[in-house]
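> after the sequence you'll find the predicted model.
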Amino acid sequence: MNAICPSVLITDDDLAFRETLQGVLEPMGFRILLAGDGEEALRIVRTEEVHVMLLDMHMPRLTGLETIRLVKQFRALLPCILLSARLDDQIVEQARRAQVFSVLPKPVTRRQITGTVTLALKRTYNWPRRL
């Protein structure tokens, strides 16, 4: 992992939401990658170095969970954070089985998103020490 700049892939079909999260995370020193849907996210994970994925649950073509299941087939340890405005027990259980790092309700606070991304990096990569 690049010691100075871990990368975060933000996947959401809402451009304004992607850009809002980018505006929160980029000043913290993260390299931000943006995807408008799950298929685009899969292409990015296959070609770019991605350290954490943030995904909306409800997107066209592939849901966040479907995307995570596909990513885990070739990047099993990549921490994925699922976001949803319509969380229910079924989604939370499916996320647990898909080995999602965390599930966050929308709207998400700055503290929730920055804390969860930082925790994912720390637990997965022992960031910022072992880079």
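Structure's in. What do you need?
> which strand residues bridge the residue nearest to the spatial centre of the chain?
Closest to where the C-alpha atoms of the chain average out (Cα atoms, centre = their mean) is residue 54, at 1.8 Å. Counting by DSSP bridges, residue 54 is bridged to residue 10, residue 81.
> that one is in contact with residue 10, isn't it?
Yes - counting by Cβ atoms under 8 Å, residue 54 touches residue 10, with 4.9 Å between them. All C-beta atoms are positioned from the backbone trio N, CA, C, and that covers glycine.
> joint contacts of the two?
Between them, residue 54 and residue 10 share these contacting residues under Cβ atoms under 8 Å, 6 or more residues apart in numbering: residue 21.
> so what does the helix ranked longest in the chain touch, helix or strand wise?
The residue-count maximum for a helix in the chain (DSSP state H) belongs to helix 110-125. Counting by 3 or more Cβ pairs under 8 Å, 6 or more residues apart in numbering; DSSP states H and E, the packing neighbours recorded for helix 110-125 are helix 15-25, strand 52-56, strand 80-84, strand 102-105.
> got a markdown table for those, with mean pLDDT and distance to residue 118 too?
Compiled in a markdown table, the helices and strands packed on helix 110-125 are given as follows (pLDDT from 0 to 100; distance: least, Cβ to Cβ, whole Å):
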| stretch | mean pLDDT | distance to residue 118 |
| --- | --- | --- |
| helix 15-25 | 97 | 10 |
| strand 52-56 | 98 | 9 |
| strand 80-84 | 98 | 11 |
| strand 102-105 | 97 | 11 |
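> would you format those as TSV with distance to residue 95 included?
Below are the helices and strands packed on helix 110-125 laid out as TSV (distance: least, Cβ to Cβ, whole Å):
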stretch	distance to residue 95
helix 15-25	19
strand 52-56	10
strand 80-84	5
strand 102-105	5
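> many thanks, I have nothing further to ask.
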